[in-house]
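Asker: Below is the sequence, then the predicted model.
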Amino acid sequence: MKKILCALIFVFAVSLVFALVSCGEKEDKADGGTTEEDTTQGPTTAAPTEPPPTTDPGPKKKMKEIELADSSNEGERNPVKVGEGGGHQSIGVKFTADFRITDMDLSCPSWSDDIGTMVFKLYKWDTDYEKTVAGTPVFVDAETFVDYPDNAMMSVEFSKDGLEPGTYYWELSEGTAGVGVWAYRTHGSEGLEFFKSGAPFTDGTAFIGTIYGFVLE
């Protein structure tokens, strides 16, 4: 009888322990706990990320230029004096640019002494020379051509943003102490008109210089 009672007590105890263990596992799952079965799941796949948005770089600048002298037909050089000492009252060039103009270079002698001055002016062309220079210049520079080194390539800067395309006339005047511009004894580039002392000329003298600018693409 005692053996039967002990066996029943043993079975009851084992059943109670099993029930308690099963109940604990269920509570772990309910609380989000990890079980051995959970660790057998495969790796999760991350959500795909979208590429960063591309930024529009905007229009690009394409550089353009106008050479005053036709570089394919360069000839002997000679200095053209402006102002004092037998020079012309003024020299200049009418030109048409299909681009925004920013600056220009001119090759300038000062007769070996690095002394002298000139005033640079830029006009929008208006009908003829007299009407053009009677108007207000769109640009005036009285500082660049002052005691510059002999035979220097002088630069005049109009605007970084560029002046609008169109027909213009640039002029150097009020020369002092022997100054001017180098020229080739050839014709200028196609479409240009050269002036000395307010009169157009076609004697084959082309000032040496370049007008620069850009277009947006």
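Answerer: Cool, got the structure.
Asker: what stretches of this structure score poorly on pLDDT?
Answerer: Across the chain, the ranges flagged by pLDDT under 70 are 1-47, 54.
Asker: List the contacts of P59.
Answerer: 216-217 (CB atoms under 8 Å, 6 or more residues apart in numbering). Every C-beta, even on glycine, is put in place using the N, C-alpha and C of the backbone.
Asker: what does the one 10 residues further on give?
Answerer: Taking CB under 8 Å, 6+ apart, we find A69 in contact with 183-184, 186, 188-189, 206-209.
Asker: Could you point out the helix or strand that follows the helix or strand containing E174?
Answerer: E174 is part of strand 166-176, with elements assigned from DSSP states H and E. For strand 166-176, the following helix or strand on the C-terminal side (DSSP H and E) is strand 179-184.
Asker: Just the buried positions in that following strand, please.
Answerer: Counting neighbours by 16 or more other CB atoms under 10 Å, one finds that the buried residues in strand 179-184 are 179-184.
Asker: cool, stretch 124-132 as well?
Answerer: Residues of stretch 124-132 classed as buried: 125, 129, 132 (neighbour count, 16+ other CB under 10 Å).
Asker: Show the contacting residues for the second one.
Answerer: If I follow you right, that is Y129. Y129 neighbours (CB under 8 Å, 6+ apart): 169, 195, 198-200.
Asker: What is the neighbour count of G85?
Answerer: Residues near G85, counting by other CB atoms under 10 Å, number 14.
Asker: how close does it sit to V146?
Answerer: Counting by CB to CB, to the nearest Å, the separation of G85 from V146 is 17 Å.
Asker: can you map out the helices along this structure?
Answerer: Using DSSP state H, the helices of the chain run over 2-30, 129-134.
Asker: what bridges to the nearest residue to M63 once chain neighbours are set aside?
Answerer: Leaving out its chain neighbours, the residue that sits closest to M63 by CB to CB, 6 or more residues apart in numbering is F214, at 5.3 Å. With DSSP bridges applied, F214 shows beta-bridge pairing to M63, R100.
Asker: List the contacts of the closest residue to F120 other than its chain neighbours.
Answerer: Spatial nearest neighbour of F120, excluding adjacent residues (CB to CB, 6+ apart): D141 at 4.2 Å. By CB under 8 Å, 6+ apart, the contact set of D141 is 119-121, 156.
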